[in-house]
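Trainee: please work out how this folds:
(2 chains)
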Protein chains: 2
Amino acid sequence: MHFTVDRDQFVQHVQNVNKAVSSRTTIPILTGIKIVAAADGVTLTGSDSDISIETFIPTEENDNQYVQVQEQGSIVLQARFFAEIVKKLPGEEIEVVVQDQFATTIRSGSVVFNLNGLDPEEYPRLPKLDDTNMFHLPQSLLKDMIRQTVFAVSAQETRPVLTGVNLESENGELICTATDSHRLALRKANLEAGSDAPDLSNIVIPGKSLNELSRLLSDDDATVEIIITETQVMFRFPHLLFYSRLLDGKYPVTKNMIPSETKTGVELSTKELLQSLDRALLLSRETKNNVINLKTLGDGRVEINSVSSEIGKVTENIDCDKIDGEELRISFNGKNITDALKVIDSEKIHIQFTGAMSPFVVRPTDHDQMLHLFSPVRTY
Amino acid sequence: MHFTVDRDQFVQHVQNVNKAVSSRTTIPILTGIKIVAAADGVTLTGSDSDISIETFIPTEENDNQYVQVQEQGSIVLQARFFAEIVKKLPGEEIEVVVQDQFATTIRSGSVVFNLNGLDPEEYPRLPKLDDTNMFHLPQSLLKDMIRQTVFAVSAQETRPVLTGVNLESENGELICTATDSHRLALRKANLEAGSDAPDLSNIVIPGKSLNELSRLLSDDDATVEIIITETQVMFRFPHLLFYSRLLDGKYPVTKNMIPSETKTGVELSTKELLQSLDRALLLSRETKNNVINLKTLGDGRVEINSVSSEIGKVTENIDCDKIDGEELRISFNGKNITDALKVIDSEKIHIQFTGAMSPFVVRPTDHDQMLHLFSPVRTY
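Mentor: Sure, this is the predicted structure:
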């Protein structure tokens, strides 16, 4: 193998595939990045067996020459060193040559690295996925949907299926749900009319995969294609494929958990509640349970308080836009609520309480594409 | 005690004294910040017994009213919570009231914190230092001198005196020296003529103290007063006193370690050498010894190389401005050299080698206020 590649392009692509590589893998070959030079360009692959990323640098595109392939071939190079090395090379071009025994020479400017490569034949092949179940989304929308749900997945491996975000489709809507069984985040989006409406049910993508994917998503309307099979999901970008395994197991039916009745309704500023809970958490996070108490006052305000026997207590009142229904005293995990408030981009929220011992729902007031459900905490 | 204070002023001052507070102290009262309200203003103190910081907020200054003291008194409050609490308070003013049993109420806007305070009588008193041995320096100069030496102090406690920076005065110059016995950094500065020339000898300030002090130093010509006694040094800023203990023990005489002869002299770009060593360290830091080899070539260049049997090797050549004297092959700890190159603000350096087994000296070419001395590494 022998090729010369534009430095900036190469650095960018190596960094992208490197996101999938883990140093903690038990499969030695996966600590490397696979490089394949073919007539039409160079393909890079990185994988930790849960996530795989494949990118392609074409020999030329838009009148720019990116790669010159002198001799086709392939090699696997230790990701950790390789990614750092290419970043620090001084020249505008990088030359990569593989000799006998996978010995690889990387040249740039007056710098020569000789690296011990690994056998590319040992590198696992990525699956070829069937395009039948395919749809597309604007990247910025997918990024929002991930940000607004993935924080609520379970960090415990006791119920593995809860460490992922569930995707369902219903009436032309895509519904993402995440829950750790104490709180639930749900985000909906209309699938574009032009998109062949996919039929999604019990598709659970690991939270970790979505966090990695999120870093590749742009903030604009460029679309990403999503292809789903029995065991894998693939996100297709121009010149980049992102694969993730799906989680096994039946995702719990969450629809009937959302209460329909309201015993007490409160409408207030997202930011004021967030700042107030932040202060109250200063004391309650010390006791490790993050318990915060909320009480409706008669005068259109709610009182937030939290107590630590060791440090002291904090009390404050927040002016609400509206309080309807029964008086209420309730305790909850304040950290869970602030996690949700931080991803609600709307100025105002409505909280639907159904009694001191029952779950409650937080929704933005200006749209119905999102809800957050929380269990209260018993404090006696 | 009862006072009302401007929020922004208070936050700033609490953050400053909090820099001295350590949560790992064995003296419980030192986990707190001491607050004293007197007729002329509020004094805050934080300390970890090595470093102490005292700041003062005057009742008024430059026609701004900062504090209103309703009742004089004092209290000690847990630094960790207190510093975070004041930062998150919503109002423009903060009211602090101490009732019986050190119970303290902090009010701001609609927020009320009740904190359990500690007995201020238990808080150790800071020493009153005698001004006899006093001089002053521009803050930006002191900041530079710290940055350019403190990285070279020893991280090992086996010779405690080497964990500090040594201050000496000689012929109207201040000389700062730091060494871990493998490398040495020396920085000189002319003391201002107006300053009563101090007589400094074997004054060793802990590196940790200087790093903390550095964060308080401005980048401009505002001066700081430095007062030195047998066991303590104090830095006096407007409304802020920074105390540090001095290290016991005799600092080694380093003057005669600096070689005067030159067997090989090399002059080259600081940045090019730094970038080259950075690349070479990618391989050698894996073996944990950071060994890098340098070789003079006949053609006005030096070769830098490093080898890791596991990963591979790197070789590169750097064009030098000048190479004088004998041919040379030498090995050294590349990390130590890059640490020094990063604090040399000059574009070019001169390296004075005295043979493959002898120490060598790196100096900027454009002034003689700084030098860095290194031991070579034997590689056979």
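Trainee: and the strands in the stretch 101-250 of chain A?
Mentor: Secondary structure of the stretch 101-250 of chain A (DSSP state E, counting those that start in this stretch): strands at A:103-108, A:111-116, A:134-138, A:164-170, A:173-179, A:183-190, A:203-206, A:223-228, A:232-237, A:240-245.
Trainee: partners of A:Ser52 in the sheet?
Mentor: Note on A:Ser52: beta-bridge partners A:Ser47, A:Tyr243, judged by DSSP bridges.
Trainee: who's in contact with it?
Mentor: A:20, A:45-46, A:126, A:241-243 (C-beta atoms under 8 Å, 6 or more residues apart in numbering or on different chains). Any C-beta I mention is one placed from the backbone N, CA and C, and that applies to glycine too.
Trainee: which positions in the stretch 1-150 of chain A make contact with chain B?
Mentor: Counting by C-beta under 8 Å from any C-beta of the partner chain, the stretch 1-150 of chain A comes close to chain B at A:78, A:81, A:84-85, A:88-90, A:104, A:109-116.
Trainee: quick one: buried ones out of those residues?
Mentor: Neighbour-count burial (16 or more other C-beta atoms under 10 Å in any protein chain shown) applied to the residues of the stretch 1-150 of chain A next to chain B gives A:78, A:81, A:84-85, A:88-89, A:104, A:110-116.
Trainee: tally of neighbours for whichever residue of the stretch 151-300 of chain A sits closest to chain B?
Mentor: When scored by C-beta to the nearest C-beta, the stretch 151-300 of chain A has A:Arg279 as its residue closest to chain B, at 5.0 Å. Neighbour count for A:Arg279, taken as other C-beta atoms under 10 Å in any protein chain shown: 23.
Trainee: quick check: it vs B:Leu89, distance?
Mentor: Separation of A:Arg279 from B:Leu89 (C-beta to C-beta, to the nearest Å) stands at 8 Å.
Trainee: identify the contacts common to the two.
Mentor: Shared contacts of A:Arg279 and B:Leu89 (C-beta under 8 Å, 6+ apart): B:Val111.
Trainee: so A:Val204 is in contact with A:Glu168, correct?
Mentor: No: A:Val204 is beyond contact range of A:Glu168, at 10.1 Å (criterion: C-beta atoms under 8 Å).
Trainee: coming back round to it: just the pLDDT for the residue of the stretch 151-300 of chain A closest to chain B.
Mentor: We have a pLDDT of 95 for A:Arg279.
Trainee: picking that back up, determine which two of the buried ones among the residues of the stretch 1-150 of chain A next to chain B are furthest apart.
Mentor: Of all pairs drawn from those, the greatest distance, 23.1 Å, lies between A:Gln78 and A:Ser110 (C-beta to C-beta).
Trainee: got a list of what the closest residue to A:Val362 other than its chain neighbours touches?
Mentor: Once flanking residues are discounted, A:Val362 sits nearest to A:His372: 4.4 Å by C-beta to C-beta, 6 or more residues apart in numbering or on different chains. The contact partners of A:His372, taken as C-beta under 8 Å, 6+ apart, are A:152, A:183-186, A:340, A:344, A:361-363.
Trainee: try it again with 6 Å
Mentor: The contact partners of A:His372, by C-beta atoms under 6 Å, 6 or more residues apart in numbering or on different chains, come to A:185, A:340, A:362.
Trainee: now A:Pro206: how far from A:Glu261?
Mentor: As defined by C-beta to C-beta, A:Pro206 lies at a distance of 35 Å from A:Glu261.
Trainee: so for those two, which sits in the more crowded spot?
Mentor: Neighbour totals were compared for A:Pro206 and A:Glu261, and A:Pro206 leads with 22 against 9 (other C-beta under 10 Å).
Trainee: what about the stretch 101-250 of chain A, any weak spots by pLDDT?
Mentor: Residue ranges of the stretch 101-250 of chain A with pLDDT under 70: A:193-197.
Trainee: in chain A, which spans are helices?
Mentor: A:7-18, A:79-88, A:139-147, A:207-214, A:270-284, A:334-343 (DSSP state H).
Trainee: nearest to A:Arg159, of these?
Mentor: Across these, closest to A:Arg159 is helix A:207-214 (C-beta to C-beta), at 13.0 Å.
Trainee: just the angle between the closest one and strand A:173-179, please?
Mentor: Calculated by axes from the mean of the first three to the mean of the last three C-alpha atoms, to 10 degrees, helix A:207-214 forms an angle of 130 degrees with strand A:173-179.
Trainee: buried set for helix A:207-214?
Mentor: A:207-210, A:212-214.
Trainee: cool, stretch A:93-113 as well?
Mentor: So stretch A:93-113, judged by 16+ other C-beta under 10 Å, has buried residues A:94-98, A:102, A:104, A:106-108, A:110-113.
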